[in-house]
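Undergrad: next come a sequence and a model predicted from it.
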2 protein chains.
Amino acid sequence: MILIIIIFVIVRRKSKQREAIIKVLRVPTSHPSAEWIYEQVKKEIPGIGLSTVNRNLRALEKVGEVLELHAFSNTARFDGNSNTHYHFYCEGCGKILDLDEPIDPTIETRIARKTGLKVTRHHLELGGLCLGCQKHKLPTDNQFER
Amino acid sequence: MILIIIIFVIVRRKSKQREAIIKVLRVPTSHPSAEWIYEQVKKEIPGIGLSTVNRNLRALEKVGEVLELHAFSNTARFDGNSNTHYHFYCEGCGKILDLDEPIDPTIETRIARKTGLKVTRHHLELGGLCLGCQKHKLPTDNQFER
DNA sequence: CTATGTGCAAAATTTTTGCAAGCTT
DNA sequence: AAGCTTGCAAAAATTTTGCACATAG
């Protein structure tokens, strides 16, 4: 409840479209794509556009009300080092840094034992601002180096 | 060296294109996009096509020689629960499950102190096969539920 | 009334696919 | 020779944007 109030303090106005989208997002254990949310909301508001869904998701994500999973950007990024290691993503400039944090080798088997899932990989991702972007306050330009 | 041999055991043939792509991927601390790799490789093989780069990245990723970062699929997925919690992605059917693994509240500050980075979020992602997909061996159809 | 939000259509991005030609073994 | 692999072009798939109209406060 408090959360919902906070949303509307930041995302200024309420619209039935936005409310319907949030309602879908509140379905527990749902991890939908924009398209899926769109399909659900259309049952309630047939005329809604997919771009409205996308716009609201971006807005809600920006105020931290929704997590966008597994997406540094909407471009795939690759790493030639396929050993498990952890990453830091700078939200300012898009740089990805390797962390030399020691990996926890027990986590995969521990969760596998607990849940029955077959776990074949794991990945820890931190997000924030790199040294350069903290200093300049404005994002540095570099996109893909380092 | 052994790794490279293994690649070619699985990705059958060698081509100068593939070798050039792998060479770019081997640049330490580089986390490039397909486009960036393409630009680099073009310096060596001007006629290469972007689709060749993409095809090779998929192939290398499939044999585990390259990590694709932060990408369950190439569609954005959202989570209405923005509290830090961890996820399991089933590579068979695309389901995403919440894990109730306790989060480590010290990790952000620990890494921030060690590196000077400003860390504002972290996310742990496990990958593997869900119960259904283990049983059927073939992926279940469901894409976005649960 | 005014600033936001919406729908629609077009544009932009990114990734995948079909196919003929070229290489690797 | 056989069959992977490539380049090119077209198609798909996804997300973003411009603009006129609608609506919340």
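TA: Nice, thanks for sending it over.
Undergrad: give me the residue at the spatial middle of chain A.
TA: A:E68 (2.2 Å; C-alpha atoms, centre = their mean).
Undergrad: what about that residue, which SS state?
TA: Following DSSP: H, G, I helix; E, B strand; the rest coil, we place A:E68 in the strand state.
Undergrad: from what I see, it and A:E61 are in contact.
TA: Yes - A:E68 is within contact range of A:E61, at 5.0 Å (criterion: C-beta atoms under 8 Å). Just so you know, the C-beta spots here come from the backbone N, C-alpha and C atoms, and that holds for glycine as well.
Undergrad: shared neighbours of those two, anything?
TA: Taking C-beta atoms under 8 Å, 6 or more residues apart in numbering or on different chains as the contact rule, A:E68 and A:E61 both touch B:F78.
Undergrad: residues in contact with A:L57?
TA: Residues counted as contacts of A:L57 (C-beta under 8 Å, 6+ apart) are A:21, A:34, A:37, A:66, A:68, B:76, B:78.
Undergrad: and the residues you listed as JSON lines, adding distance to DNA strand D and secondary structure?
TA: Rendered in JSON lines, the data for these read as follows (distance: C-beta to the nearest atom of the strand, whole Å; DSSP: H, G, I helix; E, B strand; the rest coil):
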{"residue": "A:I21", "distance to DNA strand D": "14", "secondary structure": "helix"}
{"residue": "A:A34", "distance to DNA strand D": "4", "secondary structure": "helix"}
{"residue": "A:I37", "distance to DNA strand D": "10", "secondary structure": "helix"}
{"residue": "A:V66", "distance to DNA strand D": "13", "secondary structure": "coil"}
{"residue": "A:E68", "distance to DNA strand D": "9", "secondary structure": "strand"}
{"residue": "B:A76", "distance to DNA strand D": "3", "secondary structure": "coil"}
{"residue": "B:F78", "distance to DNA strand D": "9", "secondary structure": "strand"}
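Undergrad: now which of those residues would you call buried?
TA: The neighbour-count test (16 or more other C-beta atoms under 10 Å in any protein chain shown) applied to the contacts of A:L57 identifies A:21, A:34, A:37, A:66, A:68, B:76, B:78 as buried.
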